[in-house]
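> quick one, structure for this:
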Amino acid sequence: QVQLVESGGGLAQAGDSLRLSCAASEFTYGSYSMGWFRQAPGKEREFVAAITRSGGSTMYADSVKGRFTISRDNAKNTVYLQMNNLKPADTAVYYCAASGLFISRSQYDYVYWGQGTQVTVSS
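Prediction:
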């Protein structure tokens, strides 16, 4: 079973950058596509970004396109989310997740989830 642990969240001001990391404990990590999702207080969890097993393809939510970058290092069993030009609307708990599909923006296609890391952006 894949275990995912996120890190890198914290407090930021609007315009700042943060990089989230998600470390996987399972050696078959490279067999999964990976995604980042977020959930703000009182809102449903939403898709942020996803990346294929090889890292060759990515997809993003419109709200973060051009500001966030997802990447992965399969040698380190780690996926990253570089977040630039942060906005207060980016405040949420961020989750990484693993899917057996090629790539997906649907949370229902992900089978393993991390515990989440809080990102708070002040104006």
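> where do the strands sit along the chain?
4-7, 10-13, 18-24, 33-39, 46-51, 58-60, 68-73, 78-83, 92-99, 110-113, 117-122 (DSSP state E).
> contacts for the third one?
Residues outside strand 18-24 that contact it (CB atoms under 8 Å, 6 or more residues apart in numbering): 2-10, 12, 32, 34, 36, 76-83, 86, 94, 96, 98, 114, 117, 119. To be clear about C-beta, it is placed using only N, CA and C from the backbone, and glycine gets the same treatment.
> Throw the strands of the chain into TSV and include mean pLDDT and mean neighbour count, thanks.
Below are these laid out as TSV (pLDDT from 0 to 100; neighbours: other CB atoms under 10 Å):
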stretch	mean pLDDT	mean neighbour count
strand 4-7	96	18
strand 10-13	97	14
strand 18-24	97	20
strand 33-39	98	24
strand 46-51	98	22
strand 58-60	98	17
strand 68-73	97	18
strand 78-83	97	23
strand 92-99	97	23
strand 110-113	96	18
strand 117-122	98	17
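> centre-most residue in the chain?
Trp36 (2.4 Å; CA atoms, centre = their mean).
> I'd like the distance between Phe102 and Ala75.
Phe102 sits 21 Å away from Ala75, going by CB to CB, to the nearest Å.
> which one of the two has more residues nearby?
Per other CB atoms under 10 Å, whichever of Phe102 and Ala75 has more neighbours is Phe102, with 11 against 7.
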